[in-house]
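Q: Give me a model of this one.
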Amino acid sequence: MSNISIILIAYKGIYGHRFIFVGLLTLLYPIMIVSNAVLIYTIYSERSLHKPLYILICNLACINVYGGSGLTPFVLVNIVSGNFHISKSACLIQTFSVMTFGGCEIMNLMVMAYDRYISICFPLHYEKIMSSSKVMKLIALIWLLPFIRTGISIMINANLKMCGRIIEKVYCDNYSMVKLACSGIREVNIYGSTVTFFSVVPPLLIILYSYIKILMICSKLTQSGQAKALNTCIPHLVAIANFFIGCSFEVYQSRFDMNHIPYTLRVVLSLYFLILSPVFNPILYGVRTQKIKVILTQKLMCRLKV
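A: Below is the predicted model of the structure:
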């Protein structure tokens, strides 16, 4: 593999605002690490939270740390150093990190929707269906499938001969790298589109099906029953909306003309699901999930007394 230098040209467009970006990222990255770490520790250390829903929330926090850490330090270093070049091998590693983060997150959100569907629609069979062994197998699939799919894409991209060197973003992604290739673009795009379709559409359909069924069941419950059932779903629904809005920004940024949008805003939107989503999720679940909020408050009070 020819280790050519690729230019991430978007850094030049935001260089005049570099201090703002450095300040924001320096603030957001520690918040992301600490908030997700606190959520992971709280669920791991509290036996009453060792249930499918909370284990999946814990796994989501792990995915957030993985995704945010795969990109944010790199962006910070590049802005501070003023170095806008990246080798092809480093670009492929970054692409792998971005793609696996997105793949793991959407699969985890899908399994969480399935968990809520079983909990609300089949409450008497919940413990049997969502057994500990099944949850562990689902978590293994959440990580393995995106890593396998992305690994194949990266191996294909690694063998492409590059004729271009400029990516109009602050990080590498699969679509931008394929556009730099001299030949074989059509075949790679067909494979990439197929993988993207099966990575996004089935999970999205499962999420939609789960919540349609949940709403049908809730319509038959008493008002208090509806409130209790929907209250457990609200953080998850907000997390889903947050993730897909961020992904939409990223897809639109990569594939369509955005010259009508200010350059700095385009960069912020492209970073949304990679940085803001991992910051937002643990705060959302810590505040909106009653049991986690109570245990977090208890642990904090104990620490303050000590």
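Q: For residue 85, give me its contacts.
A: With C-beta atoms under 8 Å, 6 or more residues apart in numbering as the criterion, the residues that contact residue 85 are 5-8. For the C-beta atoms, the positions are set from N, CA and C on the backbone; glycine is no exception.
Q: So what touches whatever helix or strand residue 264 lives in?
A: Secondary structure assignment for residue 264, by DSSP states H and E: helix 263-271. Applying C-beta under 8 Å, 6+ apart, the external contacts of helix 263-271 come out as 10, 13-14, 17, 21, 71, 75, 169-171, 249-250, 252-253, 258, 261.
Q: all strands for the stretch 151-300 of the chain, in order.
A: Secondary structure of the stretch 151-300 of the chain, counting by DSSP state E, counting those that start in this stretch: strands at 166-167.
Q: Give the ranges of residues in it that sit below the confidence cut-off.
A: Within the stretch 151-300 of the chain, the ranges that satisfy pLDDT under 70 run 184, 254-258.
Q: any chance you could map the helices in it?
A: For the stretch 151-300 of the chain, applying DSSP state H, counting those that start in this stretch gives helices covering 174-179, 185-218, 223-255, 263-271, 277-288, 290-305.
Q: What residues sit buried inside the helix holding residue 264?
A: By neighbour count with 16 or more other C-beta atoms under 10 Å, helix 263-271 contains the buried residues 263, 266-271.
Q: which one of the contacts of helix 263-271 has the most neighbours?
A: Within the contacts of helix 263-271, neighbour counts (other C-beta atoms under 10 Å) peak at residue 171, which reaches 24 neighbours.
Q: Would you confirm that it contacts residue 71?
A: Yes: the pair residue 171 and residue 71 passes the contact test of C-beta atoms under 8 Å, sitting 5.7 Å apart.
Q: Next up, the contacts around residue 178.
A: Under the criterion of C-beta under 8 Å, 6+ apart, the contact list for residue 178 reads 157, 160, 185, 188-189, 192.
Q: what's the lowest-pLDDT member of the contacts of residue 85?
A: Model confidence across the contacts of residue 85 bottoms out at residue 5, which has 84.
Q: Counting neighbours, what do you get for it?
A: Every residue meeting other C-beta under 10 Å relative to residue 5 is counted, giving 12.
Q: For it, which non-adjacent residue is spatially closest?
A: With C-beta to C-beta, 6 or more residues apart in numbering as the measure, residue 85 is the residue that lies nearest to residue 5, at 4.7 Å, once sequence neighbours are left out.
Q: does the one you found have beta-bridge partners, and which?
A: Each beta-bridge partner of residue 85 is listed here, defined by DSSP bridges: residue 7.
Q: Poorly predicted segments of the stretch 1-150 of the chain, please.
A: For the stretch 1-150 of the chain (pLDDT under 70), the answer is 1-3.
Q: Strands of that one, start to end?
A: Taking DSSP E, counting those that start in this stretch as the criterion, the stretch 1-150 of the chain carries its strands at 5-8, 85-87.
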